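K.L.:
3D, please:
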Amino acid sequence: MRKTTRTKTLLVVVCVLSITATLLITGAVRAQQQQEKQRPSSFTPVVEEPFDVVRARDKAAKAGVMAAQQRLLEERYDLSRRVDESVKMTRGKPIPVGPTAKLKGGMTWDQLGRMSPAAIKEQDVFPYLPLPHVNHPVGGMVFPQVEIKLLPRVERFDMDFDLPDHFLPEFPPAVFLTTRKDLGDVSKGQLITVNNFYELFNGILNPKQLEGLRLLVTQFPQQQFNATADRKTERNDGMLGVTCFDCHVNGHTSAAFHLVGDIRPQEVRRRIETPSLRGVNIQRLFGSQRALKTVEDFTEFEQRAAYFDGDPVLATKKGLNILDRGSQVHDMSEFQEILDFPPAPKLNVLGRLDRAKATQSEIRGEDLFFGKANCSVCHTPPFYTDNLMHDLAVERFYKPRMEGGMMITAQGAIKTFPLRGIKESPPYLHDGRLLTLEDTVEFFNLVLELKLTAQEKQDLVAFMRVL
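P.N.:
Predicted structure coming up:
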């Protein structure tokens, strides 16, 4: 009897322990599953809700999304229109002037310039933090309103462009060709599209270049602009997709932006502004941070990866356009490689200032550029690039944080952009955080610890305006 009772007791204990262990294991599994659910993924979720549901939700949220980005921008910058009517881009748009960045606590630029990187970081007063996408958790291509007026198909229903027009390149920009310098602006003031490219360029380009241009202005499916129900455009009427020249307008840029495709997870991806294609024939690195080695690599990468946010699963779903490397990519590259910089009448054949044509401020600016300011270490004449990548280690100046849905951390190396024609390519740096040339000088004055005077900064800007 006692043995039977003892046996039953042992069985109860074993059962209790077994149930307890099962509950603990189940709890641990659930906790792990929950943790994994919260952990950022390398892949974009392939979830397709009904289009009407997606559109209604995104439209309802749009005002809040844009208001949040506007608050972020206004905290950082003075966005009012300040331009110099005496210095204009090729087709007459005046350039914006700054600096536009707002300094904290009544600090002056001179005071900030005398501080060490460690002190700036400790006091959290660095004015040029990385710039988040309008809606960083979502990302994707976003086009300025001036472009949408001519190309309604590139309008998104979930967000708008965030920077005012006076901080952007003129639209549409001029087009210059290395093969026909005698013609000047061959665009004749028009936006080059599939409807007018033949009329504008027949007799100017050879057959391969003309075919390459046709492909550059032909629409192909893209992550936000396509036929699927998770697209971000109203249109689904055969006018689907984007073209290379929607971002690289007329072989230049409209300042359309995106998120870099080769970084994951989503919150650590970086806003990336469309770089100009002018002068790609002299460049040996392509993409702001990708270090692609040829324009052919760049062309193919854009179609295969950047168009779909770097996700091959979504590319297959939405309509990946695989270009033939031997013919189509080659033809597209042939046209890109004859895109020229705008004329610079104050520069000589070596790319240096013709001092007989220059003002005293421009002359002082050139001396600073090749001297105290150290600009020429990376930006070497005649095209003012060294075709290398450099890590400016800007994270020395700020503490990591989440802002605007983006992880603001170390940025890594970026390529040396050519400075020829730089006044026609605002905003500046790879993510467009520097709205004017003055902002650019202030940024590098801090990052390189130059301790430039106010007059020296003005002279540097004067020199860069004539490049």
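
K.L.:
And the strands in this structure, which stretches?
P.N.:
83-88, 94-96, 257-259, 271-273, 389-390, 401-403, 406-408, 414-415 (DSSP state E).

K.L.:
Residue 210 is in contact with residue 199, isn't it?
P.N.:
No. Residue 210 is beyond contact range of residue 199, at 11.4 Å (criterion: Cβ atoms under 8 Å). Yep, even glycine has a C-beta here, placed from its N, CA and C like the rest.

K.L.:
dump the residue contacts of residue 317.
P.N.:
Residue 317 sits next to 46, 228 when contact means Cβ atoms under 8 Å, 6 or more residues apart in numbering.

K.L.:
same check, this time on the one 4 residues further on
P.N.:
Each residue near residue 321 by Cβ under 8 Å, 6+ apart is listed here: 220-221, 303, 307.

K.L.:
Looking at the residues you listed, which is nearest residue 263?
P.N.:
residue 307 (16.2 Å; Cβ to Cβ).

K.L.:
now the closest one, nearest residue through space, not along the chain?
P.N.:
Leaving aside its sequence neighbours, residue 307 sits nearest to residue 222 (Cβ to Cβ, 6 or more residues apart in numbering; 4.5 Å).

K.L.:
and the gap between that neighbour and residue 143?
P.N.:
12 Å (Cβ to Cβ, to the nearest Å).

K.L.:
and these two? which has more neighbours close in?
P.N.:
Between residue 222 and residue 143, residue 222 has the larger neighbour count (other Cβ atoms under 10 Å), namely 29 against 24.

K.L.:
okay, and the helix or strand of the chain with the least pLDDT?
P.N.:
helix 2-38 (a mean of 41; mean pLDDT, DSSP states H and E).

K.L.:
Give me the nearest residue to residue 325, chain neighbours excluded.
P.N.:
Closest to residue 325 by Cβ to Cβ, 6+ apart is residue 300, at 6.5 Å.

K.L.:
pretty sure the one you found contacts residue 323?
P.N.:
Yes. Taking Cβ under 8 Å as the definition, residue 300 is a contact partner of residue 323 at 6.3 Å.

K.L.:
just to revisit the earlier point, which of the contacts of residue 321 has the most neighbours?
P.N.:
Neighbour max across those (other Cβ under 10 Å) = residue 307, 28 neighbours.

K.L.:
hang on, that residue packs against residue 220?
P.N.:
Yes. Counting by Cβ under 8 Å, residue 220 is a contact partner of residue 307 at 7.0 Å.

K.L.:
on that earlier part again, overlap in contacts, residue 300 and residue 323.
P.N.:
Common neighbours of residue 300 and residue 323 (Cβ under 8 Å, 6+ apart) are residue 329.

K.L.:
how about residue 177, what does it touch?
P.N.:
So residue 177 contacts 183, 186, 204, 338-340 (Cβ under 8 Å, 6+ apart).

K.L.:
Next one, pLDDT for it please.
P.N.:
For residue 177, the pLDDT comes out at 98.

K.L.:
out of the contacts of residue 321, which one sits closest to residue 164?
P.N.:
After measuring the contacts of residue 321 against residue 164 - Cβ to Cβ - the closest member comes out as residue 307, at 27.5 Å.

K.L.:
count of neighbours near the residue lying closest to residue 202 once chain neighbours are set aside?
P.N.:
Once flanking residues are discounted, residue 202 sits nearest to residue 210: 6.8 Å by Cβ to Cβ, 6+ apart. By the criterion of other Cβ under 10 Å, residue 210 has 18 neighbours.

K.L.:
how about residue 210, what does it touch?
P.N.:
197-198, 201-202, 335.

K.L.:
any idea how far it is from residue 66?
P.N.:
For residue 210, the distance to residue 66 - Cβ to Cβ - is 41 Å.

K.L.:
Let me see the contact set for residue 87.
P.N.:
94-95, 423, 465.

K.L.:
same thing with residue 259?
P.N.:
133, 136, 139-140, 266, 269-272, 309 are the contacts of residue 259 under Cβ under 8 Å, 6+ apart.

K.L.:
ok, now with 10 Å
P.N.:
When contacts are counted by Cβ atoms under 10 Å, 6 or more residues apart in numbering, residue 259 is found next to 132-133, 136, 138-142, 266, 269-272, 306, 309-310, 406, 431.

K.L.:
what sits against residue 43?
P.N.:
Counted by Cβ under 10 Å, 6+ apart, residue 43 has contacts 264-265, 311-314.

K.L.:
one step back: now, which of the contacts of residue 177 lie within helices?
P.N.:
Residues of those located in helices (DSSP state H): none.

K.L.:
and which of those is nearest to residue 277?
P.N.:
Among those, and counting by Cβ to Cβ, the member closest to residue 277 is residue 339, at 5.2 Å.

K.L.:
what's the neighbour count on that closest one?
P.N.:
20.

K.L.:
With residue 401 instead?
P.N.:
Under the criterion other Cβ under 10 Å, the count of neighbours that residue 401 has is 11.

K.L.:
quick one: it and residue 278, what's the gap?
P.N.:
36 Å.

K.L.:
Next: residue 222.
P.N.:
Where residue 278 is concerned, residue 222 sits at a distance of 23 Å (Cβ to Cβ).

K.L.:
returning to that earlier point: let's see which of the contacts of residue 321 end up in helices.
P.N.:
Those of the contacts of residue 321 lying in helices (DSSP H): residue 303.

K.L.:
With respect to residue 383, which of the strands of the chain lies nearest?
P.N.:
Nearest of these (Cβ to Cβ): strand 414-415, 13.0 Å.

K.L.:
Show me which of the contacts of residue 87 are buried.
P.N.:
Buried members of the contacts of residue 87, counted by 16 or more other Cβ atoms under 10 Å: 94-95, 423, 465.

K.L.:
any chance of those in JSON lines, plus pLDDT and distance to residue 76?
P.N.:
Output for the buried ones among the contacts of residue 87, formatted as JSON lines (pLDDT from 0 to 100; distance: Cβ to Cβ, whole Å):
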{"residue": "94", "pLDDT": "98", "distance to residue 76": "23"}
{"residue": "95", "pLDDT": "98", "distance to residue 76": "20"}
{"residue": "423", "pLDDT": "98", "distance to residue 76": "22"}
{"residue": "465", "pLDDT": "98", "distance to residue 76": "24"}
